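Colleague: okay, structure incoming, though there's no sequence with it:
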Ligand code: SR1
Ligand code: MG
């Protein structure tokens, strides 16, 4: 290892030695709270009462140390977070410091928030979050794209934001491994036929293949790149929603961020339905329209006078994002019930309910991969998704 990893004991000295963090004063207490797949995360409280979070990249996957992964992703995250703060302030954590030698970023302490996935699993409703996230995606989509930056600005920004290693993880884990026999896949015996039917369907494979090509080639904006409900922090009083963990950020299709949210609403709804929480499932699925409305309204509001109408018509671009989002949602939901890195929505269910939830998610993914799902409005689409989930998850 060519750099020193932080520990709860070394964080106070580390913070004291960082000029950019001098305003926080002495660190008096430290907790390691990382629960994701990749990084160390420390919450540091100070004597003055303020706090900050240090996120350090490990040079391997935290949940599988035999799997090397570049720590340079930390610098990529810092650069993306700086940009996202500029275009979408208040919707992401503030960035205080970046350390390219130790692969650490220091960001705002949002300990008074909680991870949205956990709240959804408990049946909690945080109204307004889905719309905020749509607005976040729109601000980033506009502000980092050819629409907000112009042709040369877009090309210059694109040249500074390559993230090939983390893109490769997504290309493999989301778009490839669930559709082949792979050691990462974890499939319950009772779901083997469901997965085989889904992954072996030529229409499914063609649609997922087309989505993968779009992910790899549509360099529209500096998207979040991993916008699942575990990458969102929420707070009720006062209301707040923040997207975090932007280490997968790259110039990609805007519909991938919308689709990631939609796919995770499908997972949350499948959980609720097999638990008999029908009203919660309906609320969760209604968030797909809230996200889309937030996105479309914010994007349309940014458009007049700023985007060059000779490039593309607004409605056509919104239709393009929508058409991309549906198959991305399918791929993002399906990967969580077949391949590496499942989610607590599904994993914490008793096995008999997990089998039904997985079957339901795959049925919903099939629907989202159909040509009809790529046009229209989210309300009828996600009403139909709810019906399919309920029927398949019986
Ligand atoms: C090896 S990384 C596995 C997953 O964790 C991240 O949250 C991304 O979703 C990635 O696919
Ligand atoms: Mg993450």
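Modeller: Yep, it's here. Model, not experiment: these values are computed from the prediction. Numbering: from 1, shown residues only. Ligands and ions are numbered 1, 2, ... in the order given.
Colleague: could you pull out the helices in the stretch 1-150 of the chain for me?
Modeller: Secondary structure of the stretch 1-150 of the chain (DSSP state H, counting those that start in this stretch): helices at 11-16, 73-87, 116-121, 129-143, 146-159.
Colleague: any idea which of those gets closest to ligand 2?
Modeller: helix 73-87 (9.6 Å; C-beta to the ion). Placement of C-beta: from N, CA and C, glycine included.
Colleague: what's next to stretch 88-96, contact-wise?
Modeller: Applying C-beta atoms under 8 Å, 6 or more residues apart in numbering, the contact partners of stretch 88-96 are 20-21, 52-53, 78, 81-82, 84-85, 105-108, 110, 132-133, 135-136, 139-140, 143, 233, 240-244, 246.
Colleague: tell me the buried residues within those.
Modeller: 21, 52-53, 78, 81, 84-85, 105-108, 110, 132-133, 135-136, 139-140, 143, 233, 240-244, 246 (16 or more other C-beta atoms under 10 Å).
Colleague: and the residues you listed near ligand 1, which?
Modeller: Near ligand 1, taking C-beta under 6 Å from any ligand atom as the test, no member of those is found.
Colleague: which neighbouring elements make contact with the helix or strand where residue 352 lies?
Modeller: In the assignment (DSSP states H and E), residue 352 maps to helix 351-368. Other elements packing on helix 351-368 under the criterion 3 or more C-beta pairs under 8 Å, 6 or more residues apart in numbering; DSSP states H and E are helix 192-200, helix 254-274, helix 314-338, helix 344-347, helix 378-392.
Colleague: any bit of the second one sitting next to ligand 1?
Modeller: By that I understand helix 254-274. No - against ligand 1, helix 254-274 shows no contacts by C-beta under 6 Å from any ligand atom, the least distance being 8.9 Å.
Colleague: any idea how far that helix is from the chain center?
Modeller: Offset of helix 254-274 from its chain centre (C-alpha atoms, centre = their mean, to the nearest Å): 10 Å.
Colleague: beyond it, next helix or strand please.
Modeller: Proceeding C-terminally, helix 254-274 gives way to helix 278-302 as the next helix or strand, assigned by DSSP H and E.
Colleague: what angle do that following helix and helix 351-368 make?
Modeller: The directions of helix 278-302 and helix 351-368 differ by 40 degrees, with axes from the mean of the first three to the mean of the last three C-alpha atoms, to 10 degrees as the criterion.
Colleague: buried ones in helix 278-302, by neighbour count?
Modeller: 280-281, 283-296, 298-299, 302.
Colleague: next, the contact list for the spatially closest residue to residue 76 that is not a sequence neighbour, please.
Modeller: Closest residue to residue 76 apart from its sequence neighbours, by C-beta to C-beta, 6 or more residues apart in numbering: residue 163 at 5.2 Å. Contact partners of residue 163, counting by C-beta under 8 Å, 6+ apart, are 73, 76, 225, 248, 249, 250.
Colleague: how much space separates the last one from residue 145?
Modeller: Distance of residue 250 to residue 145, computed by C-beta to C-beta, to the nearest Å: 13 Å.
Colleague: and if you look at the fourth one?
Modeller: Counting by C-beta to C-beta, the gap from residue 248 to residue 145 is 18 Å.
Colleague: contact residues of the stretch 101-250 of the chain facing ligand 2?
Modeller: With C-beta under 5 Å from the ion as the criterion, the stretch 101-250 of the chain meets ligand 2 at residues residue 245.
Colleague: quick one: neighbours of whatever residue of the stretch 101-250 of the chain ends up closest to ligand 2, just the number.
Modeller: Per C-beta to the ion, residue 245 is where the stretch 101-250 of the chain lies closest to ligand 2, at 3.7 Å. By other C-beta atoms under 10 Å, 24 other residues sit near residue 245.
Colleague: with the one 4 residues further on instead?
Modeller: One way to gauge burial is a neighbour count; for residue 249, by other C-beta under 10 Å, it gives 29.
Colleague: before we move on, what about the one 3 residues further on?
Modeller: For residue 252, the tally of surrounding residues (other C-beta under 10 Å) stands at 27.
Colleague: surely it meets residue 220?
Modeller: Yes - between residue 252 and residue 220 there is a contact at 6.9 Å, judged by C-beta atoms under 8 Å.
Colleague: ok so, going back, which residue comes closest to the residue of the stretch 101-250 of the chain closest to ligand 2 once chain neighbours are left out?
Modeller: For residue 245, the closest residue by C-beta to C-beta, 6+ apart turns out to be residue 231, at 4.6 Å.
Colleague: residue of the stretch 1-150 of the chain closest to ligand 1, please.
Modeller: Closest residue of the stretch 1-150 of the chain to ligand 1, C-beta to the nearest ligand atom: residue 37 (3.8 Å).
Colleague: what's near enough to touch that residue?
Modeller: Counting by C-beta under 8 Å, 6+ apart, residue 37 makes contact with 61, 62, 63, 341.
Colleague: quick one: residue 172 from ligand 1, how far?
Modeller: Using C-beta to the nearest ligand atom, to the nearest Å, residue 172 is found at 9 Å from ligand 1.
Colleague: can you count the residues close to that residue?
Modeller: Residues near residue 172, counting by other C-beta under 10 Å: 17.
Colleague: please give the element, helix or strand, for it.
Modeller: Assigned by DSSP H and E, residue 172 falls within helix 164-175.
Colleague: now that helix: mean pLDDT?
Modeller: For helix 164-175, mean pLDDT rounds to 98.
Colleague: and for stretch 241-250?
Modeller: 98.
Colleague: just want the phi and psi numbers for the residue nearest to residue 76.
Modeller: phi -140, psi 60 (degrees, to the nearest 10).
Colleague: next, the one residue in the stretch 251-394 of the chain that gets nearest to ligand 2: secondary structure please.
Modeller: In the stretch 251-394 of the chain, the residue that lies nearest ligand 2 is residue 341 (9.5 Å; C-beta to the ion). Of the three states, residue 341 takes coil under DSSP: H, G, I helix; E, B strand; the rest coil.
Colleague: surely it touches residue 173?
Modeller: Yes - the criterion here is C-beta under 8 Å, and residue 341 meets it with residue 173 at 6.7 Å.
Colleague: anything in contact with each of these two?
Modeller: residue 335.
Colleague: among the helices and strands packed on helix 351-368, which is the most enclosed?
Modeller: helix 254-274 (a mean of 29; mean count of other C-beta atoms under 10 Å).
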